[in-house]
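>>> could you look at this predicted model? Sequence included:
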Amino acid sequence: MSKAISRVVLAVVVIVVIIAVVGAAIALTHKSTTITPSASSSSLITSATTTPVTLTLVTFSDPANEWMQYAASVFEAQHPGVTIKIVSFSFSQYLTNEITSLKTGSSTYDIVGFTSTSALSLIS
């Protein structure tokens with residue numbers, strides 16, 4: 001019994017080492033790609049960011065809402081001229097209001113916060 005367990009452990013160790021070596025080889029030989037925007041795309045980016053934009057995000061109230069507020073403030077700091085307005089509902093009210101409006105195509109929000117529960121309800 002002990003020899004069988006030792007062989008299994010040895011096989012697992014060998015497999016892990018092989019995977020680690022292959023992963024290291026891929027990481028060391030992978031070439032990173034740098035994309036430089038062309039003059040035309042740069043002017044599009046510049047002109048698009050000079051007009052103030054407000055994006056409305058709808059989500060449900062829970063402890064993660066504080067994280068969304070923080071993430072929005074970081075995004076706004078990195079993207080001057082963009083404001084994120086967060087609208088939150090209780091979870092049950094969120095599901096009733098927003099999922100229904102998404103199914104009917106009448107949503108007035110730019111960004112919708114999803115959970116596995118709310119995403120699955122769109123499929124049915």
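Done, it's in.
>>> flag every buried residue along the helix or strand residue 56 falls within.
Under the criterion of DSSP states H and E, residue 56 resides in strand 53-60. Across strand 53-60, burial judged by 16 or more other Cβ atoms under 10 Å covers 55, 57-60. Placement of C-beta: from N, CA and C, glycine included.
>>> possible to save those as TSV with distance to residue 69?
TSV is the format used below for these (distance: Cβ to Cβ, whole Å):
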residue	distance to residue 69
55	14
57	10
58	14
59	10
60	14
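>>> of those, which is the nearest to residue 98?
For the buried residues of strand 53-60, the residue nearest residue 98 by Cβ to Cβ is residue 58; the value is 5.4 Å.
>>> how about low-confidence regions in the chain?
By pLDDT under 70, the low-scoring segments of the chain are 1-14, 16-17, 20-25, 27-49, 114-124.
>>> before we move on, the earlier item: list the contacts of the strand holding residue 56.
Here strand 53-60 makes contact (Cβ atoms under 8 Å, 6 or more residues apart in numbering) with 65, 68, 72, 81-91, 93-95, 98, 107-113, 115.
>>> let's see 10 Å
Strand 53-60 has contacts (Cβ atoms under 10 Å, 6 or more residues apart in numbering) with 65, 68, 71-72, 75-76, 79, 81-95, 97-98, 101-102, 107-115, 117-118.
>>> next one: stretch 84-94
For stretch 84-94, contacts defined as Cβ under 10 Å, 6+ apart pick out 53-62, 65, 68-69, 71-76, 95-98, 108-113, 115, 117-118.
>>> are any of the residues you listed buried, and which?
Buried members of the contacts of stretch 84-94, scored by 16+ other Cβ under 10 Å, are 55, 57-60, 68, 72, 95, 98, 109, 112-113, 118.
>>> who's the closest spatial neighbour of residue 97, skipping the chain neighbours?
Nearest residue to residue 97, sequence neighbours excluded (Cβ to Cβ, 6 or more residues apart in numbering): residue 89, at 6.2 Å.
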